[in-house]
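Novice: Need coordinates for the following:
(one chain, ligands or ions: 1)
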Amino acid sequence: MKKIIANFKMNKTNSQVKEYIMKLLPRFDRDDVELVLCPPATSLSIANFLLDGSLIKLGAQNLSDEEEGKNTGDISGEMLKDCGASYVIVGHSERRTKFRENGKAINKKIKIALKNRLKVIFCIGESLTDKNLQKTQEVLKAQIEDGLKGLYENELDNIIIAYEPVWAIGSGKTPLLKEIESSMKLIRKTVANDFSNKAGEKIEIVYGGSVDNKNCNSISKLKDVNGLLIGGACLDPINFSQLLRDVKA
Ligand code: PGA
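Specialist: Here you go, the predicted model:
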């Protein structure tokens, strides 16, 4: 079963989310694709209400690295769960760069998410500078090790690693298929070294970064790719439902 995760980023008000879901719901009827919609936190409750009884799951885009208390403006894992989220994105590159989230904070967030029974979409990816300096392997390895530090192997069942090269996000550029394949293999190998061979084989990995209606099939067909994380191409419900119809599971 392929996972398709739709990251709305900071787009859509409550009424726009409502309109989006009303258009998407009648157009989505696949039971071989697990679709996770990640609207802004302000729309989780309305989305949860509208998606009730459907196959579509709900995810949040971020959570606090503290459980509760003095964190003005933050939203806790418990609050997200309470609004109906069953997934949460952690460590997106926009948060790593703009909000200076480091490996330690990301590790704390992952642990808090798991404690609140939220499945984690854990984002990793190299920057263009890392790529040009041929540091991709080193960077991905360090991000995985920092993010998953101290977790028990069975907790990996609730983690999906999203491989998103920073330079591919929103740029219209994607890595070559063989580059995606080699990063996926490296991710599996790192998880195997840190946990076990079985964990390396089992861990779910999705690809994200400029996925669109044209490239979604060639990328999702890759052996080690368990799904896709989609930003820009998910924002129009009609266009996105076409992608969801076309993508091979
Ligand atoms: P994009 O974004 O599909 O617009 O490149 C993906 C993401 O940031 O998760």
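
Novice: where does this protein come near the ligand, residue by residue?
Specialist: Within the chain, the positions adjacent to the ligand are 7, 164, 169-170, 208-211, 229-233 by CB under 6 Å from any ligand atom. Bear in mind the C-beta positions are built from the backbone N, C-alpha and C, glycine included.

Novice: What's the PyMOL syntax to select whichever of those are buried?
Specialist: Buried members of these, defined by 16 or more other CB atoms under 10 Å, are picked up in PyMOL with:
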select buried, resi 7+164+169+208+209+210+211+229+230+231+232+233
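
Novice: Quickly name whichever of the residues of the chain next to the ligand is closest to Leu37.
Specialist: Lowest distance from Leu37 to the residues of the chain next to the ligand (CB to CB) belongs to Asn7, with 9.0 Å.

Novice: What segments of the chain are strands?
Specialist: Assigned by DSSP state E, the chain shows strands spanning 2-7, 33-38, 57-60, 87-90, 119-124, 159-163, 204-208, 227-230.

Novice: Just the CA atoms of the fifth one, as CSV, please.
Specialist: C-alpha atoms of strand 119-124 as CSV (Å, rounded to 0.1, in the frame of the first residue of the first chain):
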residue,chain,number,x,y,z
LYS,A,119,2.6,8.5,13.6
VAL,A,120,5.6,10.5,12.6
ILE,A,121,6.5,11.6,9.1
PHE,A,122,10.2,12.3,9.8
CYS,A,123,11.8,14.5,7.1
ILE,A,124,15.4,14.4,6.1
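
Novice: so that strand versus strand 204-208, what angle?
Specialist: Strand 119-124 runs at 50 degrees relative to strand 204-208, counting by axes from the mean of the first three to the mean of the last three CA atoms, to 10 degrees.

Novice: Contact partners for the most centrally placed residue in the chain?
Specialist: By CA atoms, centre = their mean, the mean C-alpha position of the chain lies nearest to Ile121, the distance being 4.0 Å. Contact analysis of Ile121 by CB atoms under 8 Å, 6 or more residues apart in numbering lists Ile5, Val36, Cys38, Gly59, Tyr87, Val88, Ile89, Val90, Ile160, Ala162, Val206, Leu229.

Novice: Dump those to CSV, plus pLDDT.
Specialist: Formatted as CSV, those follow (pLDDT from 0 to 100):
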residue, pLDDT
Ile5, 98
Val36, 98
Cys38, 98
Gly59, 98
Tyr87, 98
Val88, 98
Ile89, 98
Val90, 98
Ile160, 98
Ala162, 98
Val206, 98
Leu229, 98
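
Novice: Out of these, flag the one nearest to the ligand.
Specialist: Leu229 (4.8 Å; CB to the nearest ligand atom).

Novice: How many neighbouring residues does the closest residue to Lys189 other than its chain neighbours have?
Specialist: Distances taken as CB to CB, 6 or more residues apart in numbering place Gly200 nearest to Lys189, at 6.4 Å, with adjacent residues excluded. Counted with other CB atoms under 10 Å, residues neighbouring Gly200 total 18.
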